[in-house]
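> the following block contains a protein sequence and its predicted model.
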Amino acid sequence: MAPRGKAQSTREARNPLGAKSSSRGGIQKRRGPTRVDTDGDLDMDGPSKRPNRGPTTETSGGRGRPSGRGGPQPSRGAAKVAQIVMKQLGGGSDLASRVSRPNRGRGGQIEGLTWLRVRGLKQSKAASNSDGGLSDLLSFLERKASSLGTGRKRHITIRKSHRAGEFVFVGANKEDAEELLKLNTFTFAGVQLEVVESNGDFEPSSKATESPETAELRAKLQSILSQRYIGENKLLKLDALASDPELVTLGMFENRERALKTFKGLMAICDGLFKTAQEKKDAIHSISLANNSIDNVIQVESVAVSFPQLKNLDMSGNQVSNMDGLQRWKGKFKELETIYMTGNPIEGTDVNYKTTLLEWFPKLQNINGVELRTAQQIAEQEAARLPKPIPQSGPDFRDVNGIGEQFLLDFFIAYDTNREGLISRLYDAGSQFSLAVDAVSVRDPNAPPPLPWAAYIKSSRNLMKINSHHARSQRLFKGQAAINDLWKELPMTKHPNMKEELSKYIMDCHPLPGLADPTGQSQLGVDGLILAVHGEFEEYDQKSGTTGKRSFSRTFVLGPGLSGTAPIRVVSDMLSLRAYSPLPNVFVAPSPAPVDAANQHQAMIAELSKQTGMVPQYSEMCLSQVDWDFGRALVIFNEKKAQLPPEAFASAV
């Protein structure tokens, strides 16, 4: 059960955003733009609420002025402290300010930009460039995003960019940003990129350039966080923030905008307190956001960014009324085990919200203190969702007079040791060769990173990537000379000995009639063979001096040779390369047949009866209502338990 923050019986009323300022004609004193926060409407208003108080309007070098005249004014000290927070945590010259209030240029203020956060540049090979690889990354994003669409291509433009620590923030119009988001998990300079929508996160200000006032404020906020941290339970209590006397004194929750900026500032300080992500994960297992009048997690989305591996979360006593209010957390908190939602309107408006939460958070076990599934059941469900490989029944090798077998035994040895001699013996002026790189294939997650593709990518004829007819033609190599020139540039390889390590290959061979007669004597064509080989090889990369493994598939079409040459010739040779992933051993005995559905259902009925105490008849009824989804059956049972008649149970529960 997750540690929980102290409950608060009363909820604070929401503060209005304040009166809108109006402009009139005539000569006016120049003022800076009014700050408008569009991140959401988190209500953390509390005792510091001031009537008729609107958001402040600040200039870049002067003091802010209130937009309303009525009502009590804050003390000079509190107002100054609040301005410092806005400048250092949500304003000034940092990235968060530019996201929420774009800079004004000669051509006017840039409005309507959608900001994305890109991660991976710092770990990429491009980071060693003179500009840190930023220009290469921006060009890559624009080029790839422009090529994703079907039909006529539309040029994607990044309007603004800024680098902050290990992140790069890019701004584009809404349509372009949607295309850029599709580049998430694309590989750039050997590193997989993370491209997500920015929620206004920013790196803490550099302590080396902090003013004494900023350092003092940061120390105060750190002190507040330390008082709210319970080390014994590894719990960070962020509940009822608007009632915290110290935050109220600092003027942090005077209005909605300031409350949002303050919360993001607290998250930024939390990030700065830990040197590594693992250190942060070990220190904080649970967070309480109870009693903050949150109706949409957009207002606190930065929690998922700062603490993605959180185990326990308390959202009780808030104002979430439907699953849309939790949508921005879907797919995040992948390690979340416990969540509290008591005291939220959603309990009365959505009877299925618990089932949805179990679907959104894969490790979730407890909701509102009730265990709905165990870790073992989660592991079984994850195993059931994994893709099942196509059953292998062994190679289908229908050779003719041993020609295919002998060809394969000779080919890979010659390819590793004497490529030029191999070409002169088996290839002729009509032979064709092509290679294709599959850089996004499924691979073993525990395997080392794949070798660089630089030696192959310029000659790759992957038809999913190469669209133009001219480029496809250039990458189809025909004739001994062209093939030999290409093979000289490819890295040296070493294939497993086919006789000694046959389990590292899967091979198929079939007769192929109707090949074009190279002599032109037969209009019906001649007989040949088609061979498909899947396997692996070791590769030595001369530029990096590293050795590694790749997986490959190679398809040969063999035909009779011309008079005076070898008995056979390679008509076509297609090589496909991908990251190393071991093949299944198709030479072992097949695994036993899976248990039939009837036996599985009986086992599920028995397990549900064991866990709930219901008789088998009611357990079967419960499972059949949810299409035999064991996890959902447990949820339904806990929701309907009080309504079940006594005869539903074998004994009192």
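Received the coordinates, thanks.

> low pLDDT regions in the stretch 451-600 of the chain?
Across the stretch 451-600 of the chain, the ranges flagged by pLDDT under 70 are 544, 588-596.

> helices of that one, start to end?
In the stretch 451-600 of the chain, the segments counted as helices under DSSP state H, counting those that start in this stretch are 454-457, 469-474, 480-489, 597-612.

> same deal with the stretch 201-350 of the chain?
212-227, 245-249, 256-272, 277-283, 302-306, 346-349.

> can I see the domain layout of the chain?
34-94+208-372, 111-197, 403-579, 597-648 (automatic domain parsing).

> quick revisit: minimum distance to Ile568: which of the helices of the stretch 201-350 of the chain has it?
Smallest distance to Ile568 across the helices of the stretch 201-350 of the chain (CB to CB): 57.5 Å, for helix 277-283. Glycine gets a C-beta too; all of them are placed from N, C-alpha and C.

> who's in contact with Pro245?
By CB atoms under 8 Å, 6 or more residues apart in numbering, no residues touch Pro245.

> likewise for Gly120?
The contact partners of Gly120, taken as CB under 8 Å, 6+ apart, are Phe188, Val191, Gln192, Leu193, Glu194.

> and which of the residues you listed is nearest Thr546?
Nearest to Thr546 among those, with distances taken as CB to CB, is Val191, at 16.5 Å.

> buried ones in stretch 620-631?
Neighbour-count burial for stretch 620-631 flags Glu620, Cys622, Leu623, Asp629, Phe630, Gly631 (criterion: 16 or more other CB atoms under 10 Å).

> hmm, back to that, among the helices of the stretch 451-600 of the chain, which is nearest Ser223?
Smallest distance to Ser223 across the helices of the stretch 451-600 of the chain (CB to CB): 46.8 Å, for helix 597-612.

> so how far is the closest one from its chain's centroid?
Centre-to-centre, helix 597-612 and its host chain are 36 Å apart (CA atoms, centre = their mean, to the nearest Å).

> elements contacting it?
Other helices and strands packing on helix 597-612, by 3 or more CB pairs under 8 Å, 6 or more residues apart in numbering; DSSP states H and E, are helix 616-625, helix 630-640.

> so which of the ones you listed comes closest to Thr546?
Of all the helices and strands packed on helix 597-612, helix 630-640 sits nearest to Thr546, with 45.1 Å by CB to CB.

> so which other helices or strands are in contact with that closest one?
Counting by 3+ CB pairs under 8 Å, 6+ apart, helix 630-640 packs on helix 353-360, helix 375-385, helix 597-612, helix 616-625.

> could you export those as TSV, including distance to Ser147?
Below are these laid out as TSV (distance: least, CB to CB, whole Å):
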stretch	distance to Ser147
helix 353-360	32
helix 375-385	32
helix 597-612	45
helix 616-625	47
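
> give me the below-cutoff pLDDT ranges for the stretch 201-350 of the chain.
In the stretch 201-350 of the chain (pLDDT under 70), the answer is 201-211, 213-214.

> can you lay out the helices of the stretch 451-600 of the chain as a markdown table showing mean neighbour count?
Below are the helices of the stretch 451-600 of the chain laid out as a markdown table (neighbours: other CB atoms under 10 Å):
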| stretch | mean neighbour count |
| --- | --- |
| helix 454-457 | 16 |
| helix 469-474 | 10 |
| helix 480-489 | 14 |
| helix 597-612 | 14 |
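
> okay, these in TSV with distance to Val303 next?
Converted to TSV, those look like this (distance: least, CB to CB, whole Å):
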stretch	distance to Val303
helix 454-457	40
helix 469-474	47
helix 480-489	51
helix 597-612	33
